[in-house]
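>>> Take a look and give me a structure for this.
(chains A and B)
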2 protein chains.
Amino acid sequence: MTHVYDDPAAFKDDVLAGFALAYPDHVQRVPDASGFVRAGGPLEGKVGLVIGGGAGHYPSYNGVIGTGFADAAVLGGLFSSPSAEQVYRVCRAADGGAGVVMGFGNYAGDRLNFGVAADRLRAEGIDTRIVYVTDDIASAPPAEQGDRRGIAGTFTVYKIAGAASEAGLDLDGVERVMRAANAATFSFGVAFDGCTMPGAGEPLFHVERGRMDFGLGIHGEPGITSDAWMPAPDLAAKLVETVLAERPADADGRAAVLVNGLGATKYDELFVLFGLVAPLLEQAGVRLVRPEVGELVTSLDMAGCSLSVTWLDDELETFWTAPADTPAFRRGTPATSTRFTTHRQVSSESARTTVAEATEESRAAAEVARRALAALSATVEEHKDELGRLDAVAADGDHGIGMSRGALAATEAADATAAQGGGVQSVLAAAGSAFGDKAGGTSGILWGLLLDRTGQQLGNTDAVTGDALAHAVRSAADQLKEFSGADLGDKTMLDALFPFVDALVGAVDAGEPVGTAWPAAARTATEAARETAALRPRVGRARPLAERSVGTPDPGAVSLALIVTAVGDVLADAPVRS
Amino acid sequence: MTHVYDDPAAFKDDVLAGFALAYPDHVQRVPDASGFVRAGGPLEGKVGLVIGGGAGHYPSYNGVIGTGFADAAVLGGLFSSPSAEQVYRVCRAADGGAGVVMGFGNYAGDRLNFGVAADRLRAEGIDTRIVYVTDDIASAPPAEQGDRRGIAGTFTVYKIAGAASEAGLDLDGVERVMRAANAATFSFGVAFDGCTMPGAGEPLFHVERGRMDFGLGIHGEPGITSDAWMPAPDLAAKLVETVLAERPADADGRAAVLVNGLGATKYDELFVLFGLVAPLLEQAGVRLVRPEVGELVTSLDMAGCSLSVTWLDDELETFWTAPADTPAFRRGTPATSTRFTTHRQVSSESARTTVAEATEESRAAAEVARRALAALSATVEEHKDELGRLDAVAADGDHGIGMSRGALAATEAADATAAQGGGVQSVLAAAGSAFGDKAGGTSGILWGLLLDRTGQQLGNTDAVTGDALAHAVRSAADQLKEFSGADLGDKTMLDALFPFVDALVGAVDAGEPVGTAWPAAARTATEAARETAALRPRVGRARPLAERSVGTPDPGAVSLALIVTAVGDVLADAPVRS
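Next up, the predicted model:
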């Protein structure tokens, strides 16, 4: 249960403010961003390791910024990906001129947001590499290691990558070492009870008394298989056996070992477990190299723990055992970087955007877009709790809150841009950017793109006809599908979006006015969203967890249907020519 | 809730075993003892700082052994004082030849056990000083600062004392600095929910939903005053206001500040709180020197947090900011001690005791003593749960478990000594020593002394008459009263012991056989124990908490009455001459 908070919506900001006050010798805040770089600024000539993800995992990620570890960390809302905009800003601030390596756990939202930020950084000349961590054995079979989630093993992977960068490896070298560390890292965990978000009265899930859930997630997801409570020796044996089953053929036995506590499973318990795990590993021929026992990757006050093993070769061992000096983790005696000594100023350039010229016709279309966005926001607000409940079936239940935050920001940005005389492209671009930044997570960036790309098609010059609108939405949907990497049938918003787009374009192409074609297509979307209940997600979700969502419609598809329905009401009355 | 454990009775031992495996570079186990010294052994010529208390507070106390901090730590059972025997062994192992300073929180059990160990160490030529910490504002008014409990401020006091010792101060110097640090330290905390002992189904207490308990304890005691839940800014203001109210007149504003989490109140929450506390303190003219935010003194998975302020002068600031290198806490770059370099071998001499010669008559009395101890153990076992429930009203509910563990060990030790031909003094000495060591806590050492001192009066030579027995018990009771520092009416076992002794000695002196006088006196004890319900404890218990026990008899008095009743049944049949 989370007890100490003020406004739950501002929780992350309050956390960051307190952290900045506590560790001024280690970190400095990136201006206008949810993140930190090393105190003094990025080191000239050093590869920047930027790690991040949702808040709620301390000491991951801001707690391990410092010599021999991360150069910067970017945080999203609780258990929610930072937005692409935030990732971009923090990476720019962390760039020392030798390129940036991004590290995050393998989750759809993080992949999308870090991916968009990486494209933008590369376009601006900062060579950027992405390594996402896939250590969670429970989340996919061995043949699909690359699809696994990142859990506590992220700690070891980032530590090793940070030491490689500190040692002076170049961008290729740091990326190579980090990929090797990830490929050698295997974790398996157990949950005893869920965590409670600030302001919530109940945990995200409960584990039944007298039972334990194996294959925990670190975002409030319950485990994947349930078992009766077992005494510590049996638990240790099960964790060790599961992790050792994936021992690579070429491992010589050296291993970095973590026993990680999720938050409410305390130190004494972790020592009991380690006291049983260590001899079992040794009996199996493992030589434990600088093992760690403690809270390294938490999940608020979730009760649970995990075992992580990273199989080491000479190079990985050197970087794992290298000194580190961060707020929450220290090893050896590395007061400051010895190799890199000159700090760069933290870049805080805030891009001033001027609103592009627009025609009268496009400004009229922008007015319709504003009303559509207001309707979008109203329907999201109205159905916020319902969307949260749908999302909580197999995820962390924040879909409603995130969409609400994004929609509100989008309408504000649209109003401001329209007030400056912006056309429909400018208004939708501003709305999309604000939606992505404030909603965060997967839905945030997808809706941000959908708005932005629709606007790009419509432009700031031409009048918006029904035909233009339908084809703009179709084009944006196509781009979204390509970008998200999802297929139809993967139980995502696409499963409502494409039936909608097909119906809309078909009707408009057949000569029907958009004012009636859109509401009809929206009904198709509503039906399609309902039918997603029968599907099982295949993208960005641990497979066994996905089973839980069968029987419940996809919250992203449902919100899409709600939104196009609300927008349909606006268009029915709007002066859109066919 | 504690989930990871095997045999709850062996929990502490399992914890210590795992900890020893995790930190071989920092600590080594003291042979045959529940404690650790620095790896390599004590440092020649250095004052040894030995800290300790019950288990369940990690990183206190074993987590802060190392350069610039503690030299050794001794742990009792969960939330229960280590026995005098354990304290003695760990201090002997930690002695570097320059004397030992003991540090512990101000609790009756710790004061008794560390006190007895200190006497023994001094008798063996090791100069030993005691500094107990009294930082908890909530537990007694300012005029009685010396009666306050020790909570999270123990961390700061030990850190400062450890640095003073590392700097080479002599025994007087370390003691002086540590007393100054304690006098300058003030803490105030809030509890949100209780912790659950391994194997228990329910927490030691609950805080009602929507409320918070101020003045928390760190041993599963609930808070002292209850309030409605308040948002973080109000909570911060209340903590700051309460602690600043005791700002000493001579404080110049510099302060070591801790925001400590009890276990389940997590890092993000602690940063939120610190982000509010720090500006409030600064507005009040406080200059925060190297503040700490984290889990420093925990209470298993209790939900709660506290604010501690230690007002610094130049000397205290120097020692507070000095480097430290321990398993759980590091500051600066102090790989190893630079001032002290030669390690002593850890002393592991185990005193071989040979059983003293005894007469036939004393061996016969020893046989009766053995049967009495068996009866003692049986009645404790039978009433274990009831004693636990009585204890849980205002304390941690372990009275029954502790007494059971002690009684079992006492009967085993008595049997072994009797088998070697020991007389009644030897048998009761062995029983008393085992009772104190295995029961731990306050009751352990008091019952250990009662058995031992009764045996001393009876000797190994003379036959035991009813008169001798009654006066031996009276003498032991008198010594116990002096040792414990308690008065009659303080709601302790003495309130049943003295009515019992008075009745017993009166009847025996009047010529009544002990076989009938003892059972009659036992009935007096039972009545007296019942009447302790009306009393309020005055020793070793925070005053407001003491109020809670009014209406419930003292568990120590109740167990005394149960035991003398059971022993009476043995004596009624025993061949004890008048």
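
>>> Can you verify residue A:247 is assigned to a helix?
No - if the criterion is DSSP: H, G, I helix; E, B strand; the rest coil, then residue A:247 is coil and not within a helix.

>>> Identify the residues contacting the residue nearest to it when sequence neighbours are not counted.
Spatial nearest neighbour of residue A:247, excluding adjacent residues (Cβ to Cβ, 6 or more residues apart in numbering or on different chains): residue A:311 at 7.0 Å. C-beta coordinates here come from the backbone N, C-alpha and C atoms, glycine included. If you count contacts by Cβ atoms under 8 Å, 6 or more residues apart in numbering or on different chains, residue A:311 has them with A:184, A:185, A:247, A:248, A:251, A:254, A:255.

>>> these two touch, right, the first one and residue A:319?
The one in question is residue A:184. No - taking contacts as Cβ atoms under 8 Å, residue A:184 lies outside contact range of residue A:319: 11.8 Å.

>>> which of the two has more neighbours?
residue A:319 (26 against 23; other Cβ atoms under 10 Å in any protein chain shown).

>>> pLDDT value on that one, please?
With respect to pLDDT, residue A:319 scores 97.

>>> Equivalent analysis for residue A:221, please.
Taking residue A:221 on its own, its pLDDT is 71.

>>> And residue A:334, by the same measure?
56.

>>> ditto for the one 3 residues further on
In this model, residue A:337 is scored at 62, pLDDT.

>>> Same question for residue A:573.
Here, the pLDDT recorded for residue A:573 equals 82.

>>> burial of it, as a residue count?
Going by other Cβ under 10 Å, the residues that sit close to residue A:573 add up to 10.

>>> Phi, psi for it please.
Dihedral pair for residue A:573: phi -100, psi 0, per degrees, to the nearest 10.

>>> Pull out the buried positions in the helix or strand where residue A:473 lies.
Assigned by DSSP states H and E, residue A:473 falls within helix A:466-484. For helix A:466-484, the buried set under the neighbour-count rule, 16 or more other Cβ atoms under 10 Å in any protein chain shown, comprises A:466-474, A:476-477, A:479-481, A:484.

>>> which bits of the stretch 1-150 of chain A sit near chain B?
A:1-7, A:11, A:14-22, A:55-56, A:58-59, A:63 (Cβ under 8 Å from any Cβ of the partner chain).

>>> Now intersect these with the helices, please.
Counting by DSSP state H, those place A:11, A:14, A:15, A:16, A:17, A:18, A:19, A:20, A:21, A:22 in helices.

>>> For the fourth one, list the residues it contacts.
What it means is residue A:16. Contacts for residue A:16 were tallied using Cβ under 8 Å, 6+ apart; they are A:29, A:34, A:36, A:62, A:75, B:271.

>>> Identify the residue nearest residue A:291 in space, chain neighbours excluded?
Counting by Cβ to Cβ, 6+ apart, the residue nearest residue A:291 is residue A:257, at 4.2 Å.

>>> now swap in residue A:572 and tell me
residue A:515 (4.9 Å).

>>> Assumed that neighbour was part of a helix.
Yes - per three-state DSSP, residue A:515 lies within a helix segment.

>>> got the contact list for the residue lying closest to residue A:168 once chain neighbours are set aside?
Leaving aside its chain neighbours, residue A:168 sits nearest to residue A:339 (5.2 Å; criterion: Cβ to Cβ, 6+ apart). Contact analysis of residue A:339 by Cβ under 8 Å, 6+ apart lists A:46, A:166, A:167, A:168.

>>> SS state for residue A:339?
Assigned by three-state DSSP, the conformation of residue A:339 is coil.

>>> With that, I have no additional questions.
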